[in-house]
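>>> With the input below, show me the fold.
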Amino acid sequence: MNKVFLIGNLTRDPELSETNSGVSLCRFSIAVNRTYSSANGERQTDFFNCVAWRGLGENVARYAKKGNKVAVTGSIELRNYEDNQGVKRTGVDIVAQDVEFLTPRGQSDGYDAAPQSSAPQERKRASLQAFDDDSDIPF
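So this is what the prediction gives:
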């Protein structure tokens with residue numbers, strides 16, 4: 001079974017393109033933090049190249065941007081190719097079967113977000129008003 005689940009942040013804006021036969025594909029990469037720290041206390045990060053095909057790829061290109069947090073479900077695919085100097089190389093891609101957008105709409109995770117004040121932002125909560133008149137309640 002070849003199945004992978006990754007949660008990470010996009011390292012760049014997704015790139016949408018088409019094959020010669022007109023099938024759309026989107027390439028993007030995500031940074032995923034490891035669950036443990038190294039001996040000196042630093043946390044390591046892995047970078048994964050991902051590809052999403054057809055409608056899924058179009059949605060990723062339309063709604064995701066650099067810094068957004070996403071969950072990617074898919075499979076690992078190895079591809080062999082020859083570079084410009086004729087050297088045979090192997091590339092590793094995550095072929096996305098599902099991408100879930102985890103960053104709320106209109107919010108960024110800070111890579112290219114506008115600077116914000118250092119004061120913590122307060123969430124507005126609806127205030128409840130007291131209701132003391134029990135005379136109309138039938139029970």
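
>>> How many neighbouring residues does residue 60 have?
For residue 60, the count of nearby residues is 27 (other Cβ atoms under 10 Å). Any C-beta I mention is one placed from the backbone N, CA and C, and that applies to glycine too.

>>> on contacts alone, who are the packing partners of the host helix or strand of it?
Element membership for residue 60 (DSSP states H and E) is helix 54-63. For helix 54-63, the elements it packs on are strand 15-18, strand 24-37, strand 43-53, strand 88-101, judged by 3 or more Cβ pairs under 8 Å, 6 or more residues apart in numbering; DSSP states H and E.

>>> So which of these is nearest residue 68?
strand 88-101 (6.7 Å; Cβ to Cβ).

>>> for the record, mean pLDDT for that closest one?
Strand 88-101 shows a mean pLDDT of 96.

>>> report the angle between the axes of that strand and helix 54-63?
70 degrees (axes from the mean of the first three to the mean of the last three Cα atoms, to 10 degrees).

>>> Can you name every helix or strand that strand 88-101 contacts?
strand 43-53, helix 54-63, strand 69-82.

>>> With mean pLDDT and distance to residue 9 as extra columns, can I get those in TSV?
What follows is those, written out as TSV (pLDDT from 0 to 100; distance: least, Cβ to Cβ, whole Å):
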stretch	mean pLDDT	distance to residue 9
strand 43-53	95	9
helix 54-63	96	14
strand 69-82	96	5
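
>>> count of neighbours near residue 29?
Neighbours around residue 29, by other Cβ under 10 Å: 18.

>>> likewise residue 2?
Neighbours around residue 2, by other Cβ under 10 Å: 8.

>>> which ones are touching the nearest residue to it once chain neighbours are set aside?
Residue nearest to residue 2 in three dimensions, not counting chain neighbours: residue 75, with 4.4 Å by Cβ to Cβ, 6 or more residues apart in numbering. If you count contacts by Cβ atoms under 8 Å, 6 or more residues apart in numbering, residue 75 has them with 2-4, 94-95, 97.
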